[in-house]
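Would you be able to build a 3D model of this:
(2 chains)
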Amino acid sequence: MKKTFTINISGTVFHIEDDAYEKLQDYLLKLKMYFGSDDEGKEVVADIENRIAELFSEKPVGENVVVTMEWVDEVIKVIGMPEDFGAAEDDEPVTATGKRKRRLYRDPGHRVLGGVCGGLGAYFNIDPVVLRIIFVVLFFINGIGFLAYIILWIAVPKAVNTAQRLEMRGQEVTITNIEKSIKDEVKEVQESVQRLKKSDTYAKGQHTATQVGDVAYNILKVLLKIVVIIIGVILIISGFFGLLGFISSMVVGHSLVADWPLVWSPDLQMYGFLGHFVTPGALTLGLAAIGFLAGIPLLAMLFIGTKLVFRYKSNNTAIILSMAGVWLISLITLVVLSVGQAGNFKDKTSLSTSQVIDCQSCQTLYLELGEDKWGDYSGTNWKIDRFKVVNADGEQILIGKPKLDIEKSSTGNFIVNVKKKSRGGSQSDARENIESITYNFSQKDSTLSFDPYFIIGGDGRWREQEVFITVKVPEGKAVYLSESLVKIIYDIENVSNTWDGDMIGKFWEMRPEGLVMKKEGN
Amino acid sequence: MKLENTKAQMRKGVLEYCILLVLDGKPLYASNIIQELKEAKMIVVEGTLYPLLSRLKNAGLLSYKWEESTQGPPRKYYELTDKGRDFLGELKSSWSELVEAVGKIKSHKDK
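Sure thing, here's the model as predicted:
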């Protein structure tokens, strides 16, 4: 006794036995998978269903005719299994035995946007939904999901015809499979070695030579494949993490991966940092240019890496040309911008202010470095030459080191002269830049404290500002250079030609011939 | 190199030409085409034909219309379009060129 179902194929009703039904359903499913779920595929499957209905109808008609297993087998034999169809629409011959090597494609049959996740899912045997969630999460973390998706969308070809769809779900790319294919090749090498050995006894010289070449070629092929895969993996890993680090430092300002030793990730807020050096309009453009300049090689690494490992087909020339094009444009933009920025340094001016130190009775003036207000702030701490960007209470401030010199005073008083210098696009521009410089020192009895830094206030930008402090010492009087001053003293002339670093912690007396080191005590 | 593979390749190359030839002059539905091709031993399994028909139709060489059948489901009758006829004409001349070429080479050998 067998259970029967009533089914409807192309508008005709049939009774069909339980097992025959299952077989037929399985067959139709295979056809659907083979032809795909786009319009063309659906039409072909519908046509074949139509034909199946027709074949069933040709059987002797009776009121209670039931489709049996034999009928279904017969029909399948007549219409054939997908692998017997031959890749009539593809140039490569289909190998009936064994599945094809799996390749990465975008899957138009399972797509939300470009079919990237569907294709990746097919490739890695993962539910595309999982991948989509990962992409969305990565998108919200720092945008890398978005970027990666776009790259894959552009670079990975769509599985258009049936052969490609078969390749998409072809033989799994697992470690064991890679291992197997390498083993196969190793075997090939061994066989060719063996052939060589056998032939040695009775082969002619020339024949042997070609066989030696054969062996060498095979060994080389295997080695090359392994090397290519290793290089590909390295490229993918470094390209991916490089991009991750780069994007997070560009966009978010602090890197997610800052603690990963493998990764290059400048831990600074690019925009804020550069803002101290470049005008705002140029900055955005410049940053974009920098982004492309550094990002494109990383993208290229990723692209080449995935190509080496997954071996998918793509329009290489177009991708490489467009990458190179954008890269060159960025380079040119950056050069043009830099030239434009140079205009901001065209003119220079200086401003001096002198202050008489009110300490008639002082025989010796004690010079020391004031408190380093910025020393406590950790955060970004970028030094360029004598300049530094510090993070103070959430604000970034550009500060610079002054230079301190000692000269002979032409009067009988101690005088401190502060000379500020700056460059600018014009004289007035340079003067404005000077006005934004703040520098202070303070006096307490016979002690002068010099701030360790001058501050470039407001939205002041770096225009080669300099602050020169000159302490003028009258003849017969002396100064004591405290050890902390080592940070700012700059090429102080003295009789003994003592180097700056050795002048600290000592008393120096101004004599007619210049500064002379005084013995300890007075 | 397998004989079967080479044969299949050769058949595959002229299959489209044969379909167009079969349809030349009279509209037919899939089963008729299959019958003709099977008799000529051009195809082994019927499944080969359907994707080809669909492709030729999408290329604008064929068109079809539905017709009711006395037994079984309605049938798709395919016929050549104007473009299909032109295409077939081209194929015919290049086929005779091929046959001539092969014939020439063979007769050369036989001498």
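
all contacts plus neighbour counts: C-alpha atoms, from now on.
Will do.

Model confidence at residue 43, what's the number?
Since you didn't name a chain, this refers to chain A. A:E43 carries a pLDDT value of 87.

hmm, I had chain B in mind actually
pLDDT, B:I43: 80.

Check A:V467 too.
91.

mind listing the helices for chain A?
A:18-35, A:39-57, A:69-79, A:116-124, A:128-142, A:144-155, A:162-168, A:175-202, A:205-247, A:270-274, A:280-310, A:316-342, A:427-435, A:500-503 (DSSP state H).

Give me the helices and strands touching the fifth one, please.
Under the contact criterion of 3 or more CA pairs under 8 Å, 6 or more residues apart in numbering or on different chains; DSSP states H and E, helix A:128-142 touches helix A:116-124, helix A:144-155.

Nearest to chain B among these would be which one?
helix A:116-124 (23.3 Å; CA to the nearest CA).

returning to that earlier point: including mean neighbour count, could the helices of chain A go into TSV?
What follows is those, written out as TSV (neighbours: other CA atoms under 10 Å in any protein chain shown):
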stretch	mean neighbour count
helix A:18-35	17
helix A:39-57	19
helix A:69-79	17
helix A:116-124	24
helix A:128-142	15
helix A:144-155	18
helix A:162-168	22
helix A:175-202	14
helix A:205-247	17
helix A:270-274	17
helix A:280-310	19
helix A:316-342	15
helix A:427-435	19
helix A:500-503	16
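
Out of those helices, which gets nearest to A:N417?
helix A:427-435 (15.4 Å; CA to CA).

for the closest one, packing partners?
Right, helix A:427-435 is packed against strand A:347-356, strand A:415-424 by 3+ CA pairs under 8 Å, 6+ apart.

Give me the residues contacting the first one.
Residues lying outside strand A:347-356 but in contact with it, judged by CA atoms under 8 Å, 6 or more residues apart in numbering or on different chains, are A:413-427, A:430-431, A:434.

ok, 6 Å please
Applying CA atoms under 6 Å, 6 or more residues apart in numbering or on different chains, the contact partners of strand A:347-356 are A:415-427, A:430.

Which of the residues you listed are buried, as a PyMOL select command?
Provided next is the PyMOL selection string for whichever of the contacts of strand A:347-356 are buried by 16 or more other CA atoms under 10 Å in any protein chain shown:
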select buried, chain A and resi 415+416+417+418+419+420+421+422+423+424+425+426+427+430
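
Max pairwise distance over the contacts of strand A:347-356: which two?
Taking CA to CA as the measure, those have their most distant pair in A:I415 and A:G425, spaced 32.6 Å apart.

And the contacts of stretch B:11-28?
Here stretch B:11-28 makes contact (CA under 6 Å, 6+ apart) with B:Y77, B:Y78, B:E79.

Out of the residues you listed, grab the one that's most surrounded.
Highest neighbour count within these, by other CA atoms under 10 Å in any protein chain shown: B:E79, with 23 neighbours.

Now render the helices and strands packed on helix A:427-435 as TSV, adding mean pLDDT.
Listed next are the helices and strands packed on helix A:427-435 as TSV, based on pLDDT from 0 to 100:
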stretch	mean pLDDT
strand A:347-356	86
strand A:415-424	90
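
Helix or strand, whichever it is, which one in chain B has the lowest mean pLDDT?
Using mean pLDDT, DSSP states H and E, the weakest-scoring helix or strand in chain B turns out to be helix B:3-23, at a mean of 83.

that older thread, need the contacts of stretch B:11-28 in JSON lines (columns: pLDDT).
Shown next, in JSON lines, are those (pLDDT from 0 to 100):
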{"residue": "B:Y77", "pLDDT": "91"}
{"residue": "B:Y78", "pLDDT": "92"}
{"residue": "B:E79", "pLDDT": "91"}
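
Return the member of these nearest to B:S69.
B:Y77 (11.0 Å).

pretty sure the closest one is in a strand, no?
Yes - according to DSSP: H, G, I helix; E, B strand; the rest coil, B:Y77 belongs to a strand.

Not counting residues beside it along the chain, what's closest to it?
In this structure, B:Y77 finds its nearest non-sequential neighbour in B:Y29, 4.2 Å apart by CA to CA, 6 or more residues apart in numbering or on different chains.

now the helices for chain B?
B:3-23, B:30-39, B:49-58, B:82-110.

ok, and for the last one, which residues are buried?
Which is helix B:82-110. Buried, per 16+ other CA under 10 Å, within helix B:82-110: B:G84, B:R85, B:L88, B:L91.

so for it, what's the average pLDDT?
In this model, helix B:82-110 has a mean pLDDT of 90.

Now do that helix: which elements does it pack against?
Packed against helix B:82-110, as judged by 3 or more CA pairs under 6 Å, 6 or more residues apart in numbering or on different chains; DSSP states H and E, are no other helices or strands.

how big is the angle separating it from helix B:3-23?
Helix B:82-110 and helix B:3-23 are oriented at 140 degrees to each other (axes from the mean of the first three to the mean of the last three CA atoms, to 10 degrees).

Let me see the contact set for A:G514.
A:G514 neighbours (CA under 6 Å, 6+ apart): A:N494, A:V495.

Check it and give its pLDDT.
At A:G514, pLDDT is 87.

If it is in a bridge, with which residues?
Assessed by DSSP bridges, A:G514 has beta-bridge partners A:R511.

Next one: it from A:N494, what distance?
From A:G514 over to A:N494 the distance is 6 Å, taken as CA to CA, to the nearest Å.

Equivalent analysis for A:D445, please.
In terms of CA to CA, A:D445 sits 26 Å off from A:N494.

Looking at these two, which is more packed in?
Ranked by neighbour count (other CA under 10 Å), A:D445 and A:N494 place A:N494 first, with 20 against 13.

give me the number of residues near the nearest residue to the more buried one once chain neighbours are set aside?
Here the nearest residue to A:N494 in space, its sequence neighbours aside, is A:L515; by CA to CA, 6+ apart that works out to 4.6 Å. Applying other CA under 10 Å, we find 24 other residues in the vicinity of A:L515.

what does B:G25 give?
As a burial measure, B:G25 scores 11 neighbours (other CA under 10 Å).

re the thing from before, select, out of the helices of chain B, the one closest to A:L235.
Of all the helices of chain B, it is helix B:3-23 that lies closest to A:L235, at 39.8 Å by CA to CA.

so who does residue 78 touch?
By default, I'm working from chain A. Contacts of A:V78 (CA under 6 Å, 6+ apart): B:V45.

my bad, the chain I had in mind was chain B
B:P27, B:L28, B:Y29, B:S63, B:Y64.

can you give me how far stretch A:186-194 is from the chain middle?
Relative to its chain's centre, stretch A:186-194 lies at 42 Å (CA atoms, centre = their mean, to the nearest Å).

Convert that stretch to PDB, retaining C-alpha atoms only.
Once non-C-alpha atoms are left out, stretch A:186-194 reads as follows in PDB (Å, rounded to 0.1, in the frame of the first residue of the first chain):
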ATOM      1  CA  VAL A 186      53.100  16.900  -4.700                       C
ATOM      2  CA  LYS A 187      52.100  13.500  -5.900                       C
ATOM      3  CA  GLU A 188      52.400  14.800  -9.500                       C
ATOM      4  CA  VAL A 189      55.900  15.900  -8.600                       C
ATOM      5  CA  GLN A 190      56.700  12.500  -7.200                       C
ATOM      6  CA  GLU A 191      55.400  10.800 -10.200                       C
ATOM      7  CA  SER A 192      57.400  12.800 -12.500                       C
ATOM      8  CA  VAL A 193      60.500  12.100 -10.400                       C
ATOM      9  CA  GLN A 194      59.600   8.400 -10.700                       C
END
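
List of residues touching it?
With contact meaning CA under 6 Å, 6+ apart, stretch A:186-194 is reached by A:V215, A:N218.

for stretch A:359-371, same thing?
Against stretch A:359-371 from outside (CA under 6 Å, 6+ apart): A:446-451, A:477-482, A:484-485.

Neighbour-wise, give me the winner out of the residues you listed.
Neighbour-wise, those (other CA under 10 Å) top out at A:V479, 26 neighbours.

Could you check how far the closest residue to it other than its chain neighbours is from A:D127?
Closest residue in space to A:V479, ignoring its immediate chain neighbours: A:L365 at 4.7 Å, by CA to CA, 6+ apart. Separation of A:L365 from A:D127 (CA to CA): 79 Å.
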